[in-house]
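pasting a predicted model and its sequence here:
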Amino acid sequence: MVNGAPAVLAVDNRTTLLDLLRDRLDRTGTKKGCDHGQCGACTVLLDGRRVNSCLLLAVAVDGREVTTVEGLADDEPHPMQAAFIAHDAFQCGYCTPGQICSAIGMLDELAAGWPSAVSDGVGHLDDAEIRERMAGNICRCGAYANIVAAIREVAGGD
């Protein structure tokens, strides 16, 4: 399933999830950045957890739910999308889909009590915690302060 719709395709077993999404399913919101799992531009949600789609083979996600940035909104933008717009948390926009998917996954990890390098997974979500948990997503334009503010708003900190 991709964005709630069945997606049954025959693919080469070397095809990455990123390439399948972009080239075969026309889900171009997911961006190809480094192709090495280091920038986070390709982040999508797999069964609700954030993953770098450039590092996953498409055949490995058979039978699982993939959500791209296009699948987050129904009639209205997802709250995280709306917060990114409200806080101007993007400049060129290239990293934005990955940042948004990662932020949603990160908040779910926090709600599940997953620890980070700066906390034990419980307590207040401060800016240092957000920055640590979002460290795998690079913004080359430097919109980090606004990204943190957008995430804090959705998390209920603003």
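Received, thanks. Keep in mind the model is a prediction, meaning the values are calculated, not measured.

what is the mean pLDDT for the top helix by length along the chain?
Longest helix of the chain, by residue count under DSSP state H: helix 96-111. Helix 96-111 carries an average pLDDT of 96.

please apply the same query to stretch 15-29.
97.

can you pull the contacts of the residue sitting nearest the centre point of the chain?
Closest residue to the average C-alpha location of the chain: residue 101 at 2.1 Å, with C-alpha atoms, centre = their mean. Shown in contact with residue 101 (C-beta atoms under 8 Å, 6 or more residues apart in numbering): 43-45, 50, 67-69, 72. From N, CA and C alone the C-beta is placed, and that goes for glycine too.

can you do 7 Å?
Listed by C-beta atoms under 7 Å, 6 or more residues apart in numbering, the contact partners of residue 101 are 43-45, 50, 69.

what's the closest of those residues to residue 76?
residue 69 (14.6 Å; C-beta to C-beta).

dump stretch 119-129 to PDB, keeping only the CA atoms.
What follows is stretch 119-129 as a C-alpha-only set of coordinates in PDB (Å, rounded to 0.1, in the frame of the first residue of the first chain):
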ATOM      1  CA  SER A 119      16.700  12.600  27.000                       C
ATOM      2  CA  ASP A 120      15.300   9.400  28.400                       C
ATOM      3  CA  GLY A 121      12.200   9.700  26.200                       C
ATOM      4  CA  VAL A 122       9.900  11.300  28.800                       C
ATOM      5  CA  GLY A 123       9.200  14.800  29.700                       C
ATOM      6  CA  HIS A 124       9.100  18.100  27.900                       C
ATOM      7  CA  LEU A 125      10.000  18.300  24.200                       C
ATOM      8  CA  ASP A 126      12.400  21.300  24.100                       C
ATOM      9  CA  ASP A 127      14.400  22.700  21.200                       C
ATOM     10  CA  ALA A 128      17.500  20.500  22.000                       C
ATOM     11  CA  GLU A 129      15.400  17.400  21.900                       C
END
